[in-house]
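In: Everything below, folded, please.
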Amino acid sequence: MPECSLQASGVSKRYDGVAALTAVDLTARPGDLHGLLGPNGAGKTTLLRVLLGLTRRDEGTVRLLGADLDGGSALPDAVAGFVDTPAFYPYLSGGANLALLDRLDGHSRRDRTQRVQAVLERTGLGPHAAMSVGGYSTGMRQRLGLASALLRRPRLLLLDEPTSGIDATGARDVRATMRQLAGDGAAVVFSSHDLDTVEQVCSTISVIDRGRVKFSGTIDALRAIAPDDAHTLRTSDDTRALAIAASAGGVHVAPGKDDSLLLRADEDALDRYVIALGCGGVAVRHLERRARSLESLLLGLTGGS
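Out: Below is the predicted model:
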């Protein structure tokens, strides 16, 4: 098994006696795409700030690319990322901001222009390289934040809500970039409160709520403990529909609100049940998914947040 790119153990942080993080464990290996999923205020940004050395933890240990993260120590060169909304000098162009960051990182002046232009093109900002950042939209600033991280050629990338404020096309491009980095062997850890984004991108996931990890593992493992999808069902004969459900396997149907039935079943069992209704002379007048299985599970894990 490859050496961990990121290993955090027992990380805790308090502000004025209030726990923001409590005994958080997090592991990411080369090639991992790990999502930090949870509602706003769950502690995701605080955790990323600790991992990037921007906030001093009260307890616990952090190792990045095999090096211990101590208070005041510099991050390993191949660690990059951002938290909150990336900030830049508004009166400088996107290209000039990146060139300055490249210089501050101690990289040689040779080929700096090419390095900067390459990451601008990769994040879709090539046509806006000479534009002052003060004129950038929120989405463009997010892209520039990603470009600044890519300058470091990261083997560990830590991102806070990287698709926030970006349109659908930009979000797709960001997801593609993260997949490419992971495919090249980097470990990518990013926070989100959007289940769809995490499902599309991640191989592993941590669910965080109120500063505690409620689940950590693969997406498939999370699905395995999730309840069946919930649906709202209206038929021409609800009494008969309930009777058919009683003899159908893998289907749970109960009276719901507004003259409807509440149905829980996996996809295969649902298909069989709908066919059985038709064969039994019961018309399906309305069938709508009310809650996805993972959504239901996450609501339970995070107390309905």
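In: And the closest residue to residue 149 other than its chain neighbours, what's its pLDDT?
Out: Spatial nearest neighbour of residue 149, excluding adjacent residues (CB to CB, 6 or more residues apart in numbering): residue 80 at 3.9 Å. Every C-beta, even on glycine, is put in place using the N, C-alpha and C of the backbone. pLDDT recorded at residue 80 is 92.
In: again with the one 5 residues further on
Out: Turning to residue 85, the model gives it a pLDDT of 80.
In: Ok, residue 299 next?
Out: With respect to pLDDT, residue 299 scores 64.
In: Residue 253 pairs with what?
Out: residue 263 (DSSP bridges).
In: now do residue 7
Out: residue 27, residue 63.
In: Surely it is in contact with residue 66?
Out: No - applying CB atoms under 8 Å as the test, residue 7 and residue 66 come out as separate, 9.1 Å apart.
In: any chance you could map the helices in the stretch 1-150 of the chain?
Out: For the stretch 1-150 of the chain, applying DSSP state H, counting those that start in this stretch gives helices covering 44-51, 94-104, 112-122, 138-150.
In: To residue 279, which of these lies closest?
Out: Closest to residue 279 of these is helix 44-51 (CB to CB; 48.9 Å).
In: Which secondary structure elements does that closest one sit against?
Out: strand 6-15, strand 18-28, strand 33-37, strand 59-64, strand 156-160, strand 187-192 (3 or more CB pairs under 8 Å, 6 or more residues apart in numbering; DSSP states H and E).
In: so residue 28 makes contact with residue 187?
Out: Yes - using CB under 8 Å, residue 28 is in contact with residue 187, at 4.2 Å.
In: which residues do the two both contact?
Out: 5-6, 34, 156 (CB atoms under 8 Å, 6 or more residues apart in numbering).
In: Most neighbours of all those, which one?
Out: residue 5 (28 neighbours; other CB atoms under 10 Å).
In: What does the pLDDT read for it?
Out: So, for residue 5, pLDDT stands at 93.
In: Show the contacting residues for the closest residue to it other than its chain neighbours.
Out: Of all residues not flanking residue 5 in the chain, residue 187 sits nearest, at 3.6 Å (CB to CB, 6+ apart). By CB under 8 Å, 6+ apart, residue 187 lies in contact with 5-6, 28-32, 34, 155-157.
In: can you tell me which of those residues lies nearest to residue 176?
Out: Of all those, residue 176 sits closest to residue 157, with 13.9 Å by CB to CB.
In: Let me know the pLDDT of that closest one.
Out: 95.
In: Just list whatever residues bridge to it.
Out: Under the criterion used (DSSP bridges), residue 157 bridges to residue 80, residue 188.
In: hang on, it packs against residue 81?
Out: Yes - contact criterion CB under 8 Å: residue 157 and residue 81 qualify, at 5.6 Å.
In: Which neighbours do the two have in common?
Out: Counting by CB under 8 Å, 6+ apart, the contacts common to residue 157 and residue 81 are residue 149.
In: check contacts around the residue lying closest to residue 85 once chain neighbours are set aside.
Out: Closest residue to residue 85 apart from its sequence neighbours, by CB to CB, 6+ apart: residue 141 at 6.3 Å. Counting by CB under 8 Å, 6+ apart, residue 141 touches 85-86, 88, 133, 165.
In: for the chain, which spans come out with low pLDDT?
Out: For the chain, applying pLDDT under 70 flags the ranges 1-2, 71-73, 226-228, 291-305.
In: between the top helix by length along the chain and strand 156-160, how many degrees?
Out: What stands out as the longest helix in the chain, according to DSSP state H, is helix 168-183. Here helix 168-183 points in a direction 150 degrees away from that of strand 156-160 (axes from the mean of the first three to the mean of the last three CA atoms, to 10 degrees).
In: Show me what counts as buried in helix 168-183.
Out: 170-171, 173-175, 177-178, 181-182 (16 or more other CB atoms under 10 Å).
In: now swap in stretch 207-219 and tell me
Out: Across stretch 207-219, burial judged by 16+ other CB under 10 Å covers 207-211, 213-216, 219.
In: Quick check: residue 269 touching residue 253?
Out: No - using CB under 8 Å, residue 269 makes no contact with residue 253, being 10.9 Å away.
In: Neighbour count for the two, which is higher?
Out: The neighbour comparison of residue 269 against residue 253 (other CB under 10 Å) goes to residue 253, with 22 against 17.
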